[in-house]
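# no letters, just coordinates:
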């Protein structure tokens, strides 16, 4: 199986590579990327069967991070199996990944325990979610019409705001208008019952958005 791995943390790449190589000839790692731009270039040059990538990747373009990056990959490579490794565990973001067509989401803390199982499951055409992620989704109101739930795009806006980006910067990164991002911020805060940026940051920190 031809595999591309992508993460902006060298230690994670090393660990992932070692885990895959421990299975002998089953996996052939044909490339590694440390940011969204490198990943896009690598995918265009090297056909592969499986992409294992981080969700939060450094980059200035909309296509180089988060849901926008994954959506672009899915559009360009509709048959590619995609497994996301991430520390993010917010149900709305996970929903967004699955809606795009990601085959599995694995918590980085459980990588050594769940990686191969996740690969087997998604290559068999099924969805894999880490145990902790599944529990959080089950325990959280995830339907948009339920109190306290936010959409995947609203969750992404909250994530970027908590990282210190302005509404204009988020608009540029996601390829949306400033008006749209502002509305998504207001909608998220209204649904969550938050009054200001400090509460927004606290929510992001306590709900696995960064």
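Cool, got the structure. None of these values were measured; they are calculated from a predicted model.
# so, low pLDDT: which residues of the protein?
Within the chain, the stretches falling below the threshold (pLDDT under 70) are 59-63, 137-148, 208, 210.
# what are the phi and psi angles of the residue nearest the centre of the chain?
By CA atoms, centre = their mean, the mean C-alpha position of the chain lies nearest to residue 55, the distance being 3.1 Å. Main-chain torsions, residue 55, degrees, to the nearest 10: phi -90, psi -50.
# ok, for it, nearest residue in space, not its chain neighbours?
residue 86 (4.1 Å; CB to CB, 6 or more residues apart in numbering). Placement of C-beta: from N, CA and C, glycine included.
# next one: the helix or strand containing residue 18 to chain centre, how far?
For residue 18, the enclosing helix or strand under DSSP states H and E is helix 10-21. Averaging C-alpha coordinates over helix 10-21 and over its chain gives two centres that are 18 Å apart (CA atoms, centre = their mean, to the nearest Å).
# give the other helices and strands that it contacts.
Applying 3 or more CB pairs under 8 Å, 6 or more residues apart in numbering; DSSP states H and E, one finds that helix 10-21 makes contact with strand 2-6, strand 28-33, helix 111-123.
# please enumerate the helices of the protein.
Under the criterion DSSP state H, the chain contains helices at 10-21, 36-45, 66-76, 91-100, 111-123, 131-139, 152-162, 167-174, 178-192, 197-206.
# among those helices, which is nearest residue 27?
With CB to CB as the criterion, residue 27 lies closest to helix 10-21 of these, at 4.3 Å.
# name the residues of the closest one that come out as buried.
Buried residues in helix 10-21, counted by 16 or more other CB atoms under 10 Å: 12, 13, 15, 16, 19, 20.
# looking at those residues, spot the one nearest residue 113.
Lowest distance from residue 113 to these (CB to CB) belongs to residue 19, with 10.3 Å.
# burial count for the closest residue in space to that closest one that isn't next to it in sequence?
Here the nearest residue to residue 19 in space, its sequence neighbours aside, is residue 115; by CB to CB, 6+ apart that works out to 5.6 Å. Using other CB atoms under 10 Å as the criterion, residue 115 is surrounded by 20 other residues.
# what sits against residue 115?
Neighbour list for residue 115: 16, 19, 20, 106 [criterion: CB atoms under 8 Å, 6 or more residues apart in numbering].
# repeat for residue 93
Residue 93 makes contact with 55, 67, 152, 155, 156, 159, 209, according to CB under 8 Å, 6+ apart.
# for it, give its distance to residue 125.
23 Å (CB to CB, to the nearest Å).
# likewise for residue 47?
With the distance defined as CB to CB, residue 47 ends up 20 Å from residue 125.
# tell me which of those two has more neighbours.
When residue 47 and residue 125 are compared on other CB under 10 Å, the one with more neighbours turns out to be residue 47, at 11 against 8.
# skip the chain neighbours and tell me the closest residue to the more buried one.
Nearest non-adjacent residue to residue 47, counting by CB to CB, 6+ apart: residue 2, 7.0 Å away.
# kindly report the same for residue 105.
Beyond its immediate neighbours in the sequence, the residue positioned closest to residue 105 (CB to CB, 6+ apart) is residue 84, lying 4.9 Å away.
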